[in-house]
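Student: sequence first, predicted coordinates after that:
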Amino acid sequence: MKVETTITIEADLLAQADSAAKGFRNRSEVFEKALQIYLPTLNRKPEKRKLTREEEIEVLNRIGTEQREEILENLIYQADL
């Protein structure tokens, strides 16, 4: 069952939809097809990928640097007491 509705979108998106509508009967079919394709991806959980060795090292170095800075700040604060 089709339902008539009104939507508000950016003019450039509407222009793109109009351009794409050349392969369809009308603009509504473009929006319907786009939603059919896109909506299932909204509910999908992103796939987790394994980090490369270099990425793991980068993450560990970043965390280590952040913790080092925090430790130094705490030591400076304690020294002032």
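Tutor: Nice, thanks for sending it over.
Student: how near is His49 to Ser19?
Tutor: One thing to correct before we go on: residue 49 is Arg, not His. Between Arg49 and Ser19 the computed distance is 35 Å (CB to CB, to the nearest Å). The C-beta positions use only the backbone N, C-alpha and C, and glycine is treated the same way.
Student: got it, and Arg68?
Tutor: With CB to CB as the criterion, Arg68 and Ser19 are 54 Å apart.
Student: dump stretch 6-16 to CSV, keeping only the CA atoms.
Tutor: Taking C-alpha atoms only, stretch 6-16 is exported to CSV below (Å, rounded to 0.1, in the frame of the first residue of the first chain):
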residue,chain,number,x,y,z
THR,A,6,5.3,15.5,2.1
ILE,A,7,8.9,15.8,3.0
THR,A,8,11.4,18.7,3.2
ILE,A,9,14.9,18.1,1.9
GLU,A,10,17.8,20.2,0.7
ALA,A,11,17.5,21.6,-2.8
ASP,A,12,20.7,20.0,-4.0
LEU,A,13,19.4,16.5,-2.9
LEU,A,14,16.2,17.2,-4.7
ALA,A,15,18.1,18.1,-7.9
GLN,A,16,20.1,14.9,-7.6
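Student: domain parsing for the chain?
Tutor: Following automatic domain parsing, one gets these domains for the chain: 1-48, 50-81.
Student: nothing else from me, thank you.
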